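Peer 1: Mind looking at a prediction? Sequence and model below.
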Amino acid sequence: MAERIAAEQVGRISAEFKRQGVTVEYERTADGVVYLYAADQLLVREQDVADVSGVLEPLVSFEMDSADPIDGIKIVRFGPNGPYARRPTVREVLKRIEAAEISENAVAPNYVLTVAPETGPCPATEPEEVYFEIEPTPGVRMDDRSNGSGVRIYIADTGLLADAESHWWLKMVRGEPDPLEPLPGELIKPYAGHGTFVAGVARCMARDAGVYVSDAFNVAGSALESDFVKDLDSALSFGVNIFNLSVTTRAKGKLRLLGFEQWLTVLRDQHPDVVCVVAAGNDSSSQKFWPAAYAVDDPEQVISVGALAADWRSRASFTNHGPWVQVYAPGRDLVNAYATGTYQCQDAPYTGQLREFYGMAKWSGTSFSTPIVTGLIAARMSREGITARQAAASLLNDARLHAIPGVGPILLPYGNGFDI
């Protein structure tokens, strides 16, 4: 069942990228997880461009992109070496580079990061119907000392629905239009409203925080790593305190996210008080998913978040887990802002089922446990007048003190028996 669902998701994502002129390939890991990457591109560290070019020249035709996704990283596009030759695969090109013994981490695929379910990331379910005018769950925290005032949150996601401000807790939230929002008479597209839902959850934890939602994941809820990193890099000039990233992917062996690593270096060197809160993903796996697993290398600046079940005392069945996941927060059956209209289910066992929505939905996934932690960090910042990094460290310490055996450190929306 999971493999069939994954194939359907991969097909939809691949088709949307094809419409944008990008061909993607996919691989499946030994534990069945699917991950995708651009079929004719590699990311290369700038200092290794000459060595990589020397290896590629006899094998393929190639060119360097004129625009870098971020300083220090180049995009190499390659094709067949001759009019009648076939284009080599990324796997073949990487093997040739590896055989040349170029420096470690010189190159990596240009991965596809996505909010789509069952391909490694988030959400874990399709949106579910709720009653008209239902309140959000978890509800809005009303403590005036911990309202997130003065804190800036950047949510790299699918953009913001046009009527987001019809929900009072989303007043003054800003963002790029959600490109997946349906036109009148259309069905709600898969992943439409994801960014709005995430923003709503964060605002329920810190109702006065400044929130901006980008449309970084505007291709079927997905984006190439190179475009994602460009979005994050441009946001650094906005004075962001917290980045919320409800996306993830597996990596090809040891070839991690080269562009994102470069961005983390910039963050660490130039913005040391900024934190990045990242979803762990929904494959019930203990294997590392990225970028959340960067918490192992930089646990003070990258906060990896798994999901608690509806009882808030056990792990959700879908959540990824393991020592690389730092904290768990509620992620099952959350209720928040969503699109209005009819949604047709894409995945078994509900394929073809029509669901009616009136601006709210119930949704599950580490996509949504992540903004709970983001919002709690913002709340702690405003309450104590401290930086995001200090607030995150303080909360994680509280979470460890209240760890649940067999689960791990937890954070709850209204406190773990301590004052948030």
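Peer 2: Received, thanks.
Peer 1: Help me confirm that residue 155 is found in a strand?
Peer 2: Yes - counting by DSSP: H, G, I helix; E, B strand; the rest coil, residue 155 is part of a strand.
Peer 1: burial measure for it, as a count.
Peer 2: Neighbour count of residue 155, defined by other Cβ atoms under 10 Å: 31. Every C-beta, even on glycine, is put in place using the N, C-alpha and C of the backbone.
Peer 1: ditto for residue 57
Peer 2: Neighbours of residue 57 (other Cβ under 10 Å): 11.
Peer 1: ok, it to residue 50 distance?
Peer 2: Residue 57 sits at a distance of 11 Å from residue 50 (criterion: Cβ to Cβ, to the nearest Å).
Peer 1: next one: residue 394
Peer 2: 46 Å.
Peer 1: neighbour-wise, which of these two wins?
Peer 2: The neighbour comparison of residue 394 against residue 50 (other Cβ under 10 Å) goes to residue 394, with 15 against 9.
Peer 1: any idea how far the more buried one is from residue 384?
Peer 2: Counting by Cβ to Cβ - residue 394 and residue 384 are separated by 8 Å.
Peer 1: what does residue 143 give?
Peer 2: Remark: distance between residue 143 and residue 384 (Cβ to Cβ) = 13 Å.
Peer 1: Please state the offset of the helix or strand harbouring residue 55 from the chain centre?
Peer 2: For residue 55, the enclosing helix or strand under DSSP states H and E is helix 49-56. Chain-centre distance of helix 49-56: 32 Å, with Cα atoms, centre = their mean, to the nearest Å.
Peer 1: cool, and stretch 243-253?
Peer 2: Stretch 243-253 has its C-alpha centroid displaced from the chain centroid by 6 Å (Cα atoms, centre = their mean).
Peer 1: The closest residue to residue 195 other than its chain neighbours: what's it in contact with?
Peer 2: Nearest non-adjacent residue to residue 195, counting by Cβ to Cβ, 6 or more residues apart in numbering: residue 157, 3.3 Å away. Residue 157 is in contact with 115, 194-195, 198-199, 213-217, 244, 246-247, counting by Cβ atoms under 8 Å, 6 or more residues apart in numbering.
Peer 1: May I ask which of these comes out lowest in pLDDT?
Peer 2: Across the contacts of residue 157, the smallest pLDDT goes to residue 115, namely 84.
Peer 1: I'd say it and residue 367 touch.
Peer 2: Yes - applying Cβ atoms under 8 Å as the test, residue 115 and residue 367 come out as touching, 6.2 Å apart.
Peer 1: residue closest to the middle of this protein?
Peer 2: residue 247 (1.6 Å; Cα atoms, centre = their mean).
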